[in-house]
Each structure stands twice: as structure tokens, then as C-alpha cells.
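Trainee: Prediction below, plus the sequence it came from.
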Amino acid sequence: MLGRAREFFQLYPVGRRVCVGLSGGLDSVVLLHLLKTLRDALGFSLSAIHVHHGLSPNAEAWAEFCTRLCAEWTVPLTLARVRIAAGDPRGIEAAARAARYDAFARQACDAIVLAHHRDDQAETLLLQLLRGAGIKGLAAMPAERGLAGGPIRLLRPLLAAERAELQAYAAAHGLAFVEDESNRQTRYARNFLRHEVLPVIERRFPAYRHTLARAARHFADCDEIMQDMAVLDAAGAMVEGCLQASALAALSLPRARNLLRYFLAWHGWSAPPAEWLEEALSQLLQARPDAEVRLALAGRELARYRDRIHVLAALPDSGIGEWFWRGEPVLELTGLGALEFVQGRGHGVSCARLAAATVTVRPYPGGAQLRPDCRRPRRSVKNLLQESAVPPWQRRQLPALYCGERLVWLAGVGVDCAYQAGPDELGWLISWRPPEPLVS
């Protein structure tokens with residue numbers, strides 16, 4: 001096993017600072033022992049992190065065991081205490097896992113090394129199959145990946161080893177470890193598979209660990225090919241962060257689904273449920289060219305306007321408001337950002353005409369009319385914005401300036417002809433600073 005670990009780190013250089021995720025159980029103790037043995041030969045500094053979830057009455061004893069073990073082996077240890085909220089909608093297992101990985105991502109290291117092995121890989125693949133996961137989920141656990149989008153890498157050097165090999169290694173080296181009593185509780189899905197299902201499968205298919213691990217590698221290859229295909233399709237379909245509906249419609253349905261998933265991931269959107277993706281694809285591709293399509297999920301929206309599909313962050317609700325402008329250089333607008341006023345000559349809104357009545361700012365004026373071009377008649381704001389291809393959801397965020405009850409200026413459109421400053425006249429140049437999205 002030592003030779004196999006050495007080969008792994010030749011394939012995946014580990015970096016100078018290596019941190020082991022240490023639970024105190026058999027697997028992680030074996031891993032720590034292997035890396036303690038290799039650290040001088042491979043030239044890395046070794047540390048460990050124990051995440052204290054506080055879920056077991058034995059949690060303090062496990063932390064004390066890890067502290068003693070690391071002191072004996074001269075390995076610096078970080079003890080990270082985390083809290084799992086009662087009633088977390090993700091469930092205890094998922095919430096605890098998320099807390100662990102958050103703690104891992106905060107470590108000052110180049111790589112976090114975990115002790116997952118071939119049995120874990122088989123269990124993960126079966127769980128993902130039973131959950132109806134896609135190709136990426138069926139690829140199970142990779143040997144190497146980035147952690148939380150940061151510089152730390154997550155490595156699993158024991159994926160080719162079986163649990164029985166780790167048990168034999170621990171016995172041969174006289175390694176002590178702790179037993180997590182929850183590993184015997186079959187109310188957890190993974191434990192149910194491990195203790196109730198897999199022993200039955202092993203009687204008929206004794207090599208199931210090897211074959212399921214091989215299947216996971218095949219799925220990983222398929223996922224990589226799909227990613228490459230999505231990148232190629234996106235090159236001709238994505239413009240200014242938007243996806244062209246016509247390009248999406250030109251693809252076969254499997255490729256269209258693949259591209260839409262890639263587009264959402266490119267915007268940092270977690271993989272949506274398959275049913276939602278199918279419904280979204282159907283609505284996006286079947287909508288009339290002039291229709292506005294909006295699909296919400298997890299605090300974001302997928303929207304189509306004309307030929308472009310947008311991923312929208314949650315926008316502040318502008319509500320119904322009115323703000324009075326009294327000459328200040330910046331007017332803050334709750335939910336609409338801010339307006340900045342700079343005085344100049346021959347441009348903007350006429351200072352003299354604006355002084356004739358009370359000046360207010362209101363949200364998008366809806367059916368009002370404006371004449372920004374003196375060579376053309378007054379037109380509805382809606383038509384002006386349609387002509388400029390401003391999507392409906394952006395229109396509702398546009399502030400409008402009124403002099404009395406007369407619409408004088410609209411963000412993104414301009415100044416009404418009757419209020420434009422003359423060549424030698426002082427005017428207010430108005431610029432709009434939009435609000436920050438609530439969700440990036």
C-alpha cells in the first residue's frame with residue numbers, strides 16, 4: 001500500500017503543505033500513517049484537521065484521540081468545531097459534509113487528503129444511481145479536484161484500495177483507531193447499503209467493488225467528453241454572457257440539455273433537477289419570439305427575451321416609491337440604485353426649465369410618453385425600450401425624472417426634447433448607478 005500511495009503522489013504532485021482529514025477512524029488513521037512515512041521522502045510538510053461536529057456523545061473522546069495521535073506522530077493538528085443546525089433541510093449527513101468541506105477550504109495548505117477507498121466509491125455510485133443522478137454524479141468521487149473554487153486541491157490516494165486492505169495494514173502496524181457508532185445505524189442510506197445490500201450483492205458478484213469503480217471511471221470519461229462538447233457548442237452560442245435561443249434550438253435535445261447545464265454552471269448555478277431542466281428547455285425553445293419567459297429556481301431566474309437567454313440574479317424589489325430631488329449631486333433611490341447629477345453647458349436637462357416645478361424621481365413610468373429625439377414625435381416608453389432591446393425585467397428597474405407631472409428623463413433612453421438644454425444653456429447631466437443584485 002505504501003508503494004501505491006507513492007505512485008499516486010507521483011501522478012498527482014501533492015504540493016509543499018499537505019493536510020489530512022482525520023476523523024480518527026480506521027481509514028483516516030491508515031492514511032495519516034502512510035503520509036507520515038512518506039513525508040520526508042516526498043518533501044512535504046504534514047498536518048491534519050479533525051472536524052468536531054458535536055453530533056455524537058463520543059465526539060469529545062474522538063477529538064482527544066486525534067490530539068494524542070498527532071502529538072505522538074509529530075503532526076500539527078487543527079481541531080475545527082462546527083455546528084449543525086437542527087432540522088437542516090439537507091439532512092444531517094449532507095449538512096455535516098458541507099460543514100466539513102467548509103472547514104477544509106479554510107486551511108492553510110496546498111492539498112487536503114482524504115481516505116476514501118474503493119468500497120466508498122462503490123457505495124457512492126450506487127447511492128447516486130438510486131437518486132437518479134446524471135453522468136457527473138455517477139462519476140462518483142474523483143481522485144483529484146479543486147476545493148470550493150479556491151487554490152486548495154482535494155486528493156484521494158486510496159481509491160484503488162479496498163477496506164480489507166486498510167484493515168490488514170492497520171493490523172500489521174498495530175494502529176489504534178476509534179469506531180463511530182453511527183456507522184452501524186442503517187437508518188442512514190449509505191449504512192443501509194453497506195450492511196444490508198452489498199453483502200447480498202457480494203455473494204453473487206464478489207468483484208463488485210472493482211467493477212463499480214471501473215463503471216465510475218467510465219462515467220467520469222463520459223462527463224469529461226460532455227464538458228468538452230459543451231465548451232465547443234458554447235463557443236458559437238454564448239454572447240455577452242447570454243445564450244442564444246436559436247443556437248440552442250439547432251442542437252439535438254441531448255446536446256441542448258448538455259449546453260443548458262453548462263450555461264447555468266458557467267454562471268455559478270448548481271445543477272438543477274432534471275425535471276426543471278426539461279421544463280425550462282421546453283419553454284425556452286417553444287416560446288414566441290416576442291414572449292417573455294421567466295423560470296425561477298433557488299433564488300435565481302432563467303429568462304428569455306427575443307433570441308437571448310439570461311441568468312438573472314435576484315433583483316431588489318423597487319416597489320412604489322417617490323424621491324424628491326433638491327439639487328444634491330447624488331440622490332439615493334431605495335431599491336433602484338442612485339442618480340448622479342453633474343452640471344454642464346449645452347447638454348442634459350435644462351436647469352432653468354427644471355426649476356419651474358417640483359422635481360421627483362419615480363420607478364419605471366409604464367405607459368408614459370417621451371420624445372428624446374426632437375426630429376421624431378412623442379412615443380410610448382414601452383416602444384422606445386423595445387426598440388432598444390431592453391428586456392422587460394430591466395425596464396422595471398429604470399428610474400424616471402419628472403418635473404411636476406411631466407416625464408423629463410428616463411435612464412437608458414434620454415431627455416425629453418422640450419427639456420433638453422440649448423447650446424449655451426446650463427444643464428444637468430444625469431447618470432444612473434443601478435442597484436447591486438441581491439444574489440450574485
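Mentor: It's in.
Trainee: can you pull the pLDDT of the closest residue to Leu259 other than its chain neighbours?
Mentor: Residue nearest to Leu259 in three dimensions, not counting chain neighbours: Asp233, with 4.7 Å by C-beta to C-beta, 6 or more residues apart in numbering. Where C-beta positions appear, they are placed from N, C-alpha and C, glycine not excepted. Looking at Asp233, its pLDDT is 95.
Trainee: before we move on, what about Leu333?
Mentor: On pLDDT, Leu333 comes in at 89.
Trainee: show me where pLDDT drops low in the protein?
Mentor: Scanning the chain for pLDDT under 70 picks out the ranges 290, 314-320, 436-440.
Trainee: tell me which element the residue positioned nearest the centre of it is part of?
Mentor: By C-alpha atoms, centre = their mean, the chain has its centre lying nearest to Gly268, at 3.9 Å. Using DSSP states H and E, Gly268 sits in no helix or strand.
Trainee: Could you pull up the contacting residues of the residue nearest to Leu259?
Mentor: With contact taken as C-beta atoms under 8 Å, 6 or more residues apart in numbering, Asp233 is in contact with 247, 251, 255, 258-259, 262.
Trainee: Same list, those residues, but as TSV with neighbour count, secondary structure and distance to Cys109 please.
Mentor: Below are the contacts of Asp233 laid out as TSV (neighbours: other C-beta atoms under 10 Å; DSSP: H, G, I helix; E, B strand; the rest coil; distance: C-beta to C-beta, whole Å):
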residue	neighbour count	secondary structure	distance to Cys109
Ala247	18	helix	42
Leu251	17	coil	42
Arg255	16	helix	39
Asn258	20	helix	35
Leu259	24	helix	36
Tyr262	20	helix	31
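Trainee: Take these and write them to a markdown table, including distance to Arg187.
Mentor: Below are the contacts of Asp233 laid out as a markdown table (distance: C-beta to C-beta, whole Å):
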| residue | distance to Arg187 |
| --- | --- |
| Ala247 | 48 |
| Leu251 | 44 |
| Arg255 | 41 |
| Asn258 | 36 |
| Leu259 | 40 |
| Tyr262 | 37 |
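Trainee: and of these, the nearest to Ala41?
Mentor: Minimum distance to Ala41 across these is 41.5 Å, recorded for Tyr262 (C-beta to C-beta).
Trainee: where's that closest one relative to Ala235, distance?
Mentor: 11 Å (C-beta to C-beta, to the nearest Å).
Trainee: do Arg294 as well
Mentor: Taking C-beta to C-beta, one finds Arg294 at 27 Å from Ala235.
Trainee: Comparing these two, which residue is more hemmed in?
Mentor: It is Arg294, of Arg294 and Ala235, that has more neighbours when counted by other C-beta atoms under 10 Å, with 14 against 8.
Trainee: if I've got this straight, that one is in a strand?
Mentor: Yes: looking at Arg294 with DSSP: H, G, I helix; E, B strand; the rest coil, it is inside a strand.
Trainee: Thought Arg300 was touching it, still the case?
Mentor: No: applying C-beta atoms under 8 Å, one finds Arg294 not in contact with Arg300, separated by 10.9 Å.
Trainee: hmm, back to that, quick one: secondary structure of the residue nearest to Leu259?
Mentor: Following three-state DSSP, we place Asp233 in the helix state.
Trainee: where's it relative to Glu322, distance?
Mentor: 47 Å.
Trainee: Same check on Ser282?
Mentor: Taking C-beta to C-beta, one finds Ser282 at 41 Å from Glu322.
Trainee: got it, and Leu154?
Mentor: With C-beta to C-beta as the criterion, Leu154 and Glu322 are 53 Å apart.
Trainee: Of those two, which one has the most company?
Mentor: For Leu154 and Glu322, the more surrounded residue by other C-beta under 10 Å is Leu154, and the numbers stand at 20 against 10.
Trainee: need the contact list for Pro157.
Mentor: 4-5, 8-9, 12, 31, 34, 113, 143.
Trainee: From Ala111, how far out is it?
Mentor: Between Pro157 and Ala111 the distance, using C-beta to C-beta, works out to 10 Å.
Trainee: Could you give the bridge partners of the closest residue to Tyr12 other than its chain neighbours?
Mentor: If the residues on either side of it in the chain are set aside, Tyr12 comes closest to Glu144, at 4.9 Å by C-beta to C-beta, 6+ apart. For Glu144, the beta-bridge partners are Leu155 (DSSP bridges).
Trainee: can you pull the contacts of Glu144?
Mentor: Going by C-beta under 8 Å, 6+ apart, Glu144 touches 12, 153-156.
Trainee: hang on, the earlier thing: which of the contacts of Asp233 sits closest to Gln394?
Mentor: Distance to Gln394 across the contacts of Asp233 (C-beta to C-beta) is lowest for Ala247, with 22.1 Å.
Trainee: Verify the contact between the closest one and Gly236 for me.
Mentor: Yes: between Ala247 and Gly236 there is a contact at 6.1 Å, judged by C-beta under 8 Å.
Trainee: which residues do those two both contact?
Mentor: Counting by C-beta under 8 Å, 6+ apart, nothing touches both Ala247 and Gly236.
Trainee: mind listing the strands in the stretch 101-250 of the chain by residue range?
Mentor: Taking DSSP state E, counting those that start in this stretch as the test, the strands found in the stretch 101-250 of the chain are 111-113, 144-146, 153-155, 238-239, 242-244.
Trainee: Report how many residues lie close to the nearest residue to Pro377 once chain neighbours are set aside.
Mentor: Counting by C-beta to C-beta, 6+ apart, Arg371 is the residue found nearest to Pro377 once chain neighbours are left out, at 6.8 Å. Counted with other C-beta under 10 Å, the neighbours of Arg371 add up to 19.
Trainee: ditto for the one 5 residues further on
Mentor: The local packing of Arg376 (other C-beta under 10 Å) involves 9 other residues.
Trainee: Okay then, goodbye and thanks.
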